[in-house]
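Undergrad: quick check, what structure comes out for this input:
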Amino acid sequence: MEKQKYAKICKILLWVLIAISVAVLIWGSLTGFEANDGAATDVLFYWAYAVLAIALIAVICIGLYVRAKTNVKSLASIGIILVGVCVLFGIAYLLASGAPAIGYSGAVPPTASELKMTDTILNLAYIVGAFALLSIVAAEVVMSIRNKK
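TA: As a prediction, this is how the structure comes out:
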């Protein structure tokens, strides 16, 4: 019974988020993304940030709740994963140069902190992509070694 109630709430919230996203997209398309100093673009970005925050909070809170309810000892693994993510983000931040954008011709140049954060996100994407490729290759190698026996 509780699972059905939870599934129904999630489904309603999902439809509400989709409806708001479509409304923001239609509004931006009708008003023009470059009109009004890019107000529609700003709203679209802020909505994307809000949806990302909602998703992260939901995943973290629901994950903690489910793990705490099913196996309390597994909360330590969430802590380890969270520390690993923070370390990965720290490494990406330390590798970020924050150098000025070459060829940028916008009206307002980005600040040093914006450049540093942009470089951090790019480095994080590179690191995660490299880990994904390495894990695919490693999995194939391990499977081929196990199948030879």
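Undergrad: which helix or strand contains the most centrally placed residue in the chain?
TA: Computing the C-alpha centroid of the chain and ranking residues by CA atoms, centre = their mean puts L52 first, at 6.2 Å. Using DSSP states H and E, the element containing L52 is helix 39-70.
Undergrad: give the buried residues for the helix or strand just after that helix.
TA: Counting by DSSP H and E, the next helix or strand C-terminal to helix 39-70 is helix 75-95. For helix 75-95, a neighbour-count test (16 or more other CB atoms under 10 Å) marks 92-93 as buried. Using the backbone N, CA and C atoms, a C-beta is placed for each residue, glycine as well.
Undergrad: buried ones in the very next helix or strand once past helix 75-95?
TA: In the C-terminal direction, the helix or strand that comes right after helix 75-95 (DSSP H and E) is helix 112-148. By neighbour count on 16+ other CB under 10 Å, the buried set for helix 112-148 is 115, 119-120, 123-124.
Undergrad: may I see those residues arranged in TSV, with distance to V85 as well?
TA: Converted to TSV, the buried residues of helix 112-148 look like this (distance: CB to CB, whole Å):
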residue	distance to V85
L115	23
D119	18
T120	13
N123	14
L124	10
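Undergrad: closest to A40 out of those residues?
TA: L115 (24.9 Å; CB to CB).
Undergrad: pLDDT at that closest one, what is it?
TA: At L115, the pLDDT value in this model is 91.
Undergrad: find the nearest non-adjacent residue to it, please.
TA: G98 (4.5 Å; CB to CB, 6 or more residues apart in numbering).
Undergrad: show me the contacts for that neighbour.
TA: Applying CB atoms under 8 Å, 6 or more residues apart in numbering, we find G98 in contact with 112-113, 115-116, 119.
Undergrad: if you set the cut-off to 10 Å instead, what comes out?
TA: 110-120 (CB atoms under 10 Å, 6 or more residues apart in numbering).
Undergrad: I am finished for the moment; much appreciated.
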